[in-house]
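Colleague: turn this into a structure:
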Amino acid sequence: MIIAGVFVTDPALGYPPGAPAGLSETPSDHGSLHVLGALLDFAGLPAAAFVFSRRFATLAGRGGMRRYSLATAAVMLAFFVASTVAAGNDGLRSVAGLLQRASIMTGWSWIAVLAVQAMREEPTI
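Modeller: So this is what the prediction gives:
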């Protein structure tokens, strides 16, 4: 997420207002790095949630976190696919960014819940 935040995206898909409705035909270096960082985030968070769901499946009393982790991965991927479809559809293009943010917030919320769970546990020495 840091990579996507440091390198700004190229104007495209009508954002910011006045930008072309389509994608840039010649992406800039910083725009390409932004896309790379975003793809790492949109792929990495669901992958981490899947990995944690497998780990929670082996721990007693962690069925809820296992299901939550699986749901997080599935919902993130669904929102990301929907945002990609919306970006390519003239009638839905205006909601593509909202769908991306929904995907990101789903993943970040999972990270926050995971952190709270970890802070509640007794440290092992």
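Colleague: buried ones in stretch 107-120?
Modeller: Residues of stretch 107-120 classed as buried: G107, W110, L114 (neighbour count, 16 or more other C-beta atoms under 10 Å). Backbone N, C-alpha and C define where each C-beta goes, glycine included.
Colleague: wait, which of those residues is closest to T58?
Modeller: L114 (16.1 Å; C-beta to C-beta).
Colleague: ok, the closest one - contacts?
Modeller: F52, M65 (C-beta atoms under 8 Å, 6 or more residues apart in numbering).
Colleague: I'd guessed F80 sits against Q100; true?
Modeller: Yes. Using C-beta atoms under 8 Å, F80 is in contact with Q100, at 7.0 Å.
Colleague: any shared contact partners between the two?
Modeller: Common neighbours of F80 and Q100 (C-beta under 8 Å, 6+ apart) are F42.
Colleague: for these two, indicate the residue with more neighbours.
Modeller: F80 (24 against 20; other C-beta atoms under 10 Å).
Colleague: mind telling me what element the more buried one is part of?
Modeller: helix 63-87 (DSSP states H and E).
Colleague: what's in contact with that helix?
Modeller: 13, 42, 45-47, 49-50, 52-53, 56-57, 92-93, 95-97, 99-100, 102-103, 106-107, 109-110, 113-114, 117.
Colleague: the helix or strand of the chain with the lowest mean pLDDT packs against which elements?
Modeller: Taking mean pLDDT, DSSP states H and E as the measure, the chain has helix 2-6 as its least confident helix or strand, at a mean of 85. When contacts are defined as 3 or more C-beta pairs under 8 Å, 6 or more residues apart in numbering; DSSP states H and E, helix 2-6 packs onto helix 29-57.
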